[in-house]
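Asks: fold the following and give me the result.
(one chain, ligands or ions: 2)
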Amino acid sequence: SQAFFKPIQNTAPPSSTGRNTKISVIGTGNVGMAIAQTILTQDLVDELALVDAKPDKLRGEMLDLQHAAAFLPRTKILASVDYSATVGSDLCIVTAGARQVAGESRLNLLQRNVALFRDIIPPLVKYSPECILLIVSNPVDVLTYVAWKLSGLPSNRVVGSGTNLDSSRFRFLIADHLDVNAQDVQAYIVGEHGDSSVALWSSISVGGVPILSFLQKQQIAYEKETLEKIHKAVVDSAYEVISLKGYTSWAIGYSAANLARSILRDQRKIHPISVLAKGFYGINSGNDVFLSLPALLGRGGVLGVTDIHLTEEEASRLRESAKTIAEVQNQLGL
Ligand SMILES: NC(=O)c1ccc[n+]([C@@H]2O[C@H](COP(=O)([O-])OP(=O)(O)OC[C@H]3O[C@@H](n4cnc5c(N)ncnc54)[C@H](O)[C@@H]3O)[C@@H](O)[C@H]2O)c1
Ligand SMILES: O=C1N[C@](c2ccsc2)(c2cccc(Oc3ccc(F)cc3)n2)CC(O)=C1Sc1ccccc1Cl
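Replies: Ligands and ions are numbered 1, 2, ... in the order given. Just a heads-up that it's a prediction; the model follows:
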């Protein structure tokens, strides 16, 4: 390229303009590639490494993304089945996972994914001992615990996407119900990701107005069942997307990339993500469980957990989820 450009005289050597930022995405399936694409579009990093177990799929995805370079901010994209490609990552996002086969129990799926994590997590930490781990693979709460145990990292540097996706669907549905912008709706679903999540009604605000008083002011009859229906729709919509397209990708892609932005740009934003919940809300400190709570997220990972007001029913459902997860974890022998 030197022959192409006429050198400019007396140019100073490049000063170190700060270390390059790097994200590695492990698992280049539907979710991993949606996350990768969003990271590139939002110009979040200088370098993006892709790792998967299928070399052809991996190379195909890398080339396909590289071919979009003319339309994207300059980002170095590399891919390999060898974890050395992840060296020096600031953030490693794990979406690798075995697909649940028809009739397979969730425990069996979990055990297959634990076996995968034994091959994935140690090399990630070996090549990037200072990294933050963001787990997306399901069952995400237990697998975040598994990643933490296998990594040896401090718990503030191991998080799961948890109910971040659940909460974003919840915000969309509330916003749609009230015909307002979803970015003006604050709403938290916490606890276990998926079917057994816990909606925090008291946390819902629209344009800063708590939903319950918003509904009263708007003379919209406050029907607890309306909010329960919206929470149920969060779960039903996941199953509807699966039945229609066979997988989910765009919403989880945007929500995981939003977590990556909060970390790499040190946004100190509060997200409902899977964190070590020991000691919060009376969750039994005898068991280390990861559950979603509204947590402050920045360059150091989890910077704190908000002390939200929970009704007795909400606290009791959280503790019940913690108990269920602990029972599953105890069968893993980790
Ligand atoms: N937490 C959430 O909100 C949420 C939402 C959607 C999907 N998910 C989960 O994300 C995971 C991925 O979903 P998907 O649709 O992308 O699945 P997928 O099957 O399309 O992709 C999984 C990828 O993992 C790869 N893989 C398998 N074993 C590997 C290994 N040992 N090392 C590296 N790569 C390996 C596969 O080759 C595949 O490309 C699933 O567990 C799914 O349940 C979570
Ligand atoms: O949108 C999604 N697509 C999913 C999926 C993606 C590829 S195959 C299955 C999906 C959908 C429905 C049930 C389903 O069952 C499981 C299975 C294992 C598990 F640990 C969690 C959920 N998984 C994974 C997943 O977690 C979500 S989000 C979601 C799921 C259920 C209820 C509420 C929400 Cl917010």
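
Asks: can you check the pLDDT for Gly279?
Replies: Note for Gly279: predicted pLDDT of 83.

Asks: confirm it sits in a strand?
Replies: No: going by DSSP: H, G, I helix; E, B strand; the rest coil, the assignment for Gly279 is coil, not a strand.

Asks: where exactly do the strands run in the stretch 1-150 of the chain?
Replies: For the stretch 1-150 of the chain, the strands defined by DSSP state E, counting those that start in this stretch occupy 22-26, 47-51, 76-79, 91-94, 132-135.

Asks: mean pLDDT added to these, as JSON lines?
Replies: Output for the strands of the stretch 1-150 of the chain, formatted as JSON lines (pLDDT from 0 to 100):
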{"stretch": "strand 22-26", "mean pLDDT": "98"}
{"stretch": "strand 47-51", "mean pLDDT": "98"}
{"stretch": "strand 76-79", "mean pLDDT": "98"}
{"stretch": "strand 91-94", "mean pLDDT": "98"}
{"stretch": "strand 132-135", "mean pLDDT": "98"}
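
Asks: which residues of the stretch 151-300 of the chain fall in strands?
Replies: Using DSSP E, counting those that start in this stretch, the strands assigned to the stretch 151-300 of the chain run over residues 158-160, 185-191, 197-206, 209-210, 269-276, 290-298.

Asks: out of the ones you listed, which gets the lowest mean score?
Replies: Of all these, strand 209-210 carries the lowest average pLDDT, namely a mean of 86.

Asks: test my guess that Ala85 contacts Val51.
Replies: Yes: taking contacts as Cβ atoms under 8 Å, Ala85 lies within contact range of Val51: 6.3 Å. Just so you know, the C-beta spots here come from the backbone N, C-alpha and C atoms, and that holds for glycine as well.

Asks: ok, these two, which is more surrounded?
Replies: Comparing Ala85 with Val51 by other Cβ atoms under 10 Å, the one with more neighbours is Val51, at 26 against 17.

Asks: give me the beta-bridge partners of that one?
Replies: Residues in a beta bridge with Val51, per DSSP bridges, are Ile26.

Asks: ok, now which ones touch it?
Replies: Neighbouring residues of Val51 by Cβ atoms under 8 Å, 6 or more residues apart in numbering: 24-28, 58, 79-81, 83, 85-86, 96.

Asks: who touches both of Ala85 and Val51?
Replies: Common contacts of Ala85 and Val51 (Cβ under 8 Å, 6+ apart): 24, 79.
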